[in-house]
Structure formats: C-alpha cells, structure tokens
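**Student:** have a look at this prediction, sequence included:
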Amino acid sequence: MKDNLLLGLFAVASLVFFCMSLHSALNTPEVEFSYSTKQCKRVIYMDGRITDCSVLPKKYDRVWVK
C-alpha cells in the first residue's frame with residue numbers, strides 16, 4: 001500500500017515537472033543575431049509578436065541569420 005502511494009506521488013510529480021518543462025520550452029522567444037555583425041536584429045515571441053532588441057528576454061533561443 002505504501003509503495004503504491006509513493007509510486008503514485010512520484011508519477012504525479014514527474015508529470016507536473018514534464019508539463020512545466022514543456023511549457024517553458026514552447027514559450028521561449030527566438031532572438032535573431034546577424035552572422036556578420038554579431039548584433040541582435042529582432043526578437044520573435046511565440047505568440048507572433050516581433051520586437052526590437054532594446055530589451056532582451058532573460059531566456060531565449062539564439063538564431064543566427066544573414
């Protein structure tokens with residue numbers, strides 16, 4: 001009985017951690033950097049917004065562009 005409870009608790013905790021990680025990965029914005037100048041070009045958020053590089057997000061995926 002106690003083993004089943006611990007296994008169930010571990011399964012729920014694992015599922016919650018997986019869902020939080022997936023949510024974080026899918027909502028990470030992309031920041032485009034130029035190959036030649038190494039400067040930021042624009043920030044693309046997953047909801048479709050595109051902004052300039054005046055304020056970079058804390059976490060982002062770096063994408064190299066021409």
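**Tutor:** Yep, it's here.

**Student:** elements contacting the strand or helix carrying residue 64?
**Tutor:** In this structure, residue 64 sits in strand 61-65 according to DSSP states H and E. In terms of contact count using 3 or more CB pairs under 8 Å, 6 or more residues apart in numbering; DSSP states H and E, strand 61-65 is assigned the packing partners strand 30-34. Backbone N, C-alpha and C define where each C-beta goes, glycine included.

**Student:** show residues contacting the strand it packs on.
**Tutor:** If you take CB atoms under 8 Å, 6 or more residues apart in numbering as the criterion, strand 30-34 is touched by 39-44, 53, 56-57, 60-66.

**Student:** so which two of those are the farthest from each other?
**Tutor:** Across the contacts of strand 30-34, the two members that end up farthest from each other (CB to CB) are 57 and 66, 22.7 Å apart.

**Student:** tell me which of those two has more neighbours.
**Tutor:** residue 57 (12 against 7; other CB atoms under 10 Å).

**Student:** next one, pLDDT for the more buried one please.
**Tutor:** As predicted, residue 57 sits at a pLDDT of 89.

**Student:** list the contacts of it.
**Tutor:** For residue 57, the residues meeting the contact criterion (CB under 8 Å, 6+ apart) are 29, 31, 43.
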